[in-house]
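Asker: Predicted model and sequence follow; I will ask about them next.
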Amino acid sequence: MIEVDQLTKRYGSLTAIEAVTFRVEPGEVLAFLGPNGAGKTTTMRILTGALPATSGHARVAGYDIDESPLEVKQRIGYLPETLPLYPEMTVTEYLRYVARIKGVARGGLRRSVDVAVERCALGQVRGRLIGNLSRGYRQRVGLAQALIHDPPVLILDEPTGGLDPKQIIEIRELIKTLAGAHTVILSTHILPEATAICQRVVIIHKGRVVAVDTPERLAAQLRGSEQVKIALRRPTEALRTAVAGLPGVLAVLPEAPAGAVRDDGATVWLIDCEQGRDVREAAARLIVGADGGLVELSAMAMSLEEVFLQLTTDAPARPDRLDDVPAAGLNDASPPRGSAQFAQQSKDTE
Amino acid sequence: MSKLLAVCARELRSLLVSPIAAVCVAMFLLVTGYLFYTIVIAASVQTRMMLRMQQMAPQLNINEMILAPSLRNFSVILLLIVPLLTMRLIAEERKQKTSELLLTSPVTVAQLILGKYLAVLALYGVMLGLTLYMPLLLGRFGPVVWWPVFSGYLGLFLVGAVFLAVGLLASALTENQMIAAIISFSLLIVMWLLGWVGAVTADTQTGPLLTYLSLLEHLNNFLAGLIDTKDVVYLLGLIAVSLFLAHRVVESQRWR
Ligand SMILES: Nc1ncnc2c1ncn2[C@@H]1O[C@H](COP(=O)(O)OP(=O)(O)OP(=O)(O)O)[C@@H](O)[C@H]1O
Ligand SMILES: [Mg+2]
């Protein structure tokens, strides 16, 4: 549905995005993840025809954005980062206007507006001036505007920005209902959001695509090593050396700060293991045998958040926050979509 | 076409609810009304003096003594007001980022420019139409020749249409409304002054050319009841060039 090939955009000497390449299948929901200034908005603006690319190509619904821009625009609903609203218009007037310039036939105007109002739960405010609406309602008007002509492709730049938690859930539900019939690209900083509603994630960092995959596989792929967390009441140096000596164990690290004791009197060690080696059983036998006072032993998985940090910060992130939510659906059995391609993981992320 | 009309209707609505447009129209009507009043007074004083000196009723020509000078002066007021009417046309869309919606909609730049131009032209037409009470009023008290009134209004309408097109072009150049107003004001002043420069340098080679390029010169023919295709073509040509340039500017910047 959407093919992006080697897109590059330069603003003078500043390269906003470089050689961005990815595909989106029909009916798929894809998330753009990336820190501020990564180039998410830039990519989306190029896809919607708001901005010409410096080089590279993009095709939407089979049409090239440079060769037949009107055809592409007809098929895209776009929610820009800054909402394109006229404060002096009422919600209904505005949606009607957008429907007209999107080419909705005169006879269908009223229905399009009603459907969009319904979908975005704008019934209460439809007669009010947009300038007087709260930020959350404006965001919804922006979303309604993108949906108004029922386009096959939706490009949503931070669709849940400025919404309260309840509304965020509503909008996510809305986007989920759009999946299948619509192809959706959305950008977000909120990682659980990507995990919750997207089938695939594109991670962008400094204008380059760093990874494209399902959230689950991203998390799995990126664990260079597996970690086991052990909490024990009576740690000794000898025991520690013994655990470190187990086959497959790379290192035993005390949870920072070293020597700290948890409320329940246990000390926590993190054990780095080689990938694919499960050392839990051996470690348990060893500690119990030495009367180490084992109270907890669990495998640590890397969440998407950690993956994200690892890919987008210059210092490699360690999953050292033990109380964090466990894995981002690591054991989820949903079939992975797309290939596990790890595009050039730029040197500076190491 | 439907899209062009949609753009036009929205623009017109924005203009009508914006205080700037309301103030502009109100000031235009006030100032033109005052000008008309003073010209009428001056004309009557002059007539009375002639009457006293010559002991006979002179040929009172309402068209030449009152209407033509009024309309000529109105064009100067337009020069001041039009930049304020047009400054927001495109600059504001960029400022409030609604340009993003327009750029990603299946609308051509030509539809946008023409839609906006028609909207502001319609507002101007109505504004100018509201001054028609002057010739109508005079017609009740004396002989008015209607043909020069018609051609004079046509000329003034066209000159104003040129101003609006230039203003639209200026608005496309920046996202700052003040700057847009200043640019269009400067451009219009220069077009206006060409006539003076032409008069001063009449004996040189460029003199007549400058005079020809001056807007005032073309307006004078209309005011005298002369609708010359040369003048019409000149004014329409200026409109076309301005709109074309505005189109190019928007297209090339793609609103950045
Ligand atoms: N008009 C512009 N002129 C110059 N540089 C620009 C322009 N627009 C964007 N940039 C630069 O391009 C880079 C990418 O910006 P972009 O807005 O795409 O980031 P983003 O991923 O959307 O960030 P955020 O998460 O903050 O929205 C940034 O470094 C930004 O400063
Ligand atoms: Mg952004």
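Answerer: Looks like it arrived, so ask away. If you're wondering where the values come from, they're calculated on a predicted model, not measured in any experiment. Ligands and ions are numbered 1, 2, ... in the order given.
Asker: from here on, contacts and neighbour counts on C-alpha atoms
Answerer: Fine.
Asker: what's the neighbour count on residue 111?
Answerer: Using chain A. By the criterion of other Cα atoms under 10 Å in any protein chain shown, residue A:111 has 12 neighbours.
Asker: Wait, chain B was what I had in mind.
Answerer: Residues near residue B:111, counting by other Cα under 10 Å: 19.
Asker: check contacts around it.
Answerer: B:1, B:3, B:4, B:7 (Cα atoms under 8 Å, 6 or more residues apart in numbering or on different chains).
Asker: show me which of those neighbour chain A.
Answerer: B:3, B:7 (Cα under 8 Å from any Cα of the partner chain).
Asker: neighbouring contacts of stretch B:19-31?
Answerer: With Cα under 8 Å, 6+ apart as the test, stretch B:19-31 has contacts from B:15, B:16, B:77, B:78, B:81, B:84, B:85, B:127, B:130, B:131.
Asker: Flag every buried residue along that stretch.
Answerer: Residues B:21, B:24, B:25, B:28, B:29 are the ones in stretch B:19-31 that count as buried (16 or more other Cα atoms under 10 Å in any protein chain shown).
Asker: Over to stretch A:37-45?
Answerer: The neighbour-count check on stretch A:37-45 (16+ other Cα under 10 Å) flags A:38, A:39, A:40, A:41, A:42, A:43, A:44, A:45 as buried.
Asker: just how off-centre is that stretch within its chain?
Answerer: The gap between where stretch A:37-45 is centred and where its chain is centred comes out at 14 Å by Cα atoms, centre = their mean, to the nearest Å.
Asker: ok, now stretch A:233-244?
Answerer: 40 Å.
Asker: What are the buried residues along it?
Answerer: Applying 16+ other Cα under 10 Å to stretch A:233-244 flags A:233, A:235, A:239, A:240, A:243, A:244 as buried.
Asker: what do you get for stretch B:77-97?
Answerer: Buried-residue list, stretch B:77-97, by 16+ other Cα under 10 Å: B:78-94, B:96-97.
Asker: before we move on, what about stretch A:19-33?
Answerer: Buried residues in stretch A:19-33 (16+ other Cα under 10 Å): A:19-24, A:26-33.
Asker: Kindly report the same for stretch A:119-133.
Answerer: In stretch A:119-133, counting by 16+ other Cα under 10 Å, buried: A:119, A:120, A:121, A:122, A:125, A:126, A:129, A:130, A:133.
Asker: can you tell me which of those are in helices?
Answerer: residue A:119 (DSSP state H).
Asker: okay, the buried residues of stretch A:119-133 in JSON lines with distance to ligand 1 and pLDDT next?
Answerer: As requested, the buried residues of stretch A:119-133 are arranged in JSON lines below (distance: Cα to the nearest ligand atom, whole Å; pLDDT from 0 to 100):
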{"residue": "A:119", "distance to ligand 1": "26", "pLDDT": "89"}
{"residue": "A:120", "distance to ligand 1": "23", "pLDDT": "89"}
{"residue": "A:121", "distance to ligand 1": "26", "pLDDT": "88"}
{"residue": "A:122", "distance to ligand 1": "26", "pLDDT": "91"}
{"residue": "A:125", "distance to ligand 1": "28", "pLDDT": "93"}
{"residue": "A:126", "distance to ligand 1": "29", "pLDDT": "90"}
{"residue": "A:129", "distance to ligand 1": "27", "pLDDT": "95"}
{"residue": "A:130", "distance to ligand 1": "23", "pLDDT": "95"}
{"residue": "A:133", "distance to ligand 1": "23", "pLDDT": "92"}
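Asker: Could you work out the most separated pair of the buried residues of stretch A:119-133?
Answerer: Spanning the widest gap among these are A:119 and A:129, at 19.3 Å by Cα to Cα.
Asker: The buried residues of stretch A:19-33: which two are farthest apart?
Answerer: The most distant members of the buried residues of stretch A:19-33, if one measures by Cα to Cα, are A:19 and A:27, lying 24.7 Å apart.
Asker: hang on, the earlier thing: ligand 1: which of the buried residues of stretch A:233-244 is nearest?
Answerer: residue A:244 (42.0 Å; Cα to the nearest ligand atom).
Asker: my read: the closest one touches residue A:238, true?
Answerer: No. Applying Cα atoms under 8 Å, one finds residue A:244 not in contact with residue A:238, separated by 9.9 Å.
Asker: Pick the one among the contacts of residue B:111 closest to chain A.
Answerer: residue B:3 (5.0 Å; Cα to the nearest Cα).
Asker: how deep is the closest one tucked in, by neighbour count?
Answerer: Residue B:3 has 22 nearby residues by other Cα under 10 Å.
Asker: Ligand 1 contacts on chain A?
Answerer: Those residues of chain A that sit near ligand 1, judged by Cα under 6 Å from any ligand atom, are A:11, A:16, A:35, A:36, A:37, A:38, A:39, A:40, A:41, A:42.
Asker: okay but the second one is in contact with residue A:36, surely?
Answerer: Which is residue A:16. No. Assessed by Cα under 8 Å, residue A:16 is found out of contact with residue A:36, at 11.6 Å.
Asker: who has more neighbours, the two?
Answerer: residue A:16 (20 against 11).
Asker: Please, where are all the helices along the stretch 151-256 of chain B?
Answerer: Assigned by DSSP state H, counting those that start in this stretch, the stretch 151-256 of chain B shows helices spanning B:177-200, B:206-213, B:215-223, B:229-253.
Asker: same thing with chain A?
Answerer: So, for chain A - with DSSP H - the helices run A:40-48, A:69-74, A:91-101, A:109-119, A:135-147, A:165-178, A:191-197, A:215-222, A:237-244, A:280-289, A:304-312.
Asker: just so I know, which of those lies nearest residue A:56?
Answerer: Nearest of these (Cα to Cα): helix A:40-48, 10.4 Å.
Asker: contacting residues around residue A:138?
Answerer: A:83, A:130.
Asker: and it, what pLDDT?
Answerer: Per-residue pLDDT puts residue A:138 at 92.
Asker: how much space between it and residue A:203?
Answerer: 28 Å (Cα to Cα, to the nearest Å).
Asker: Please pull up the helix or strand immediately following the longest helix anywhere in chain B.
Answerer: Among the elements of chain B assigned as helix by DSSP H, the one spanning the most residues is helix B:19-54. Note on helix B:19-54: by DSSP states H and E, the next helix or strand toward the C-terminus is helix B:62.
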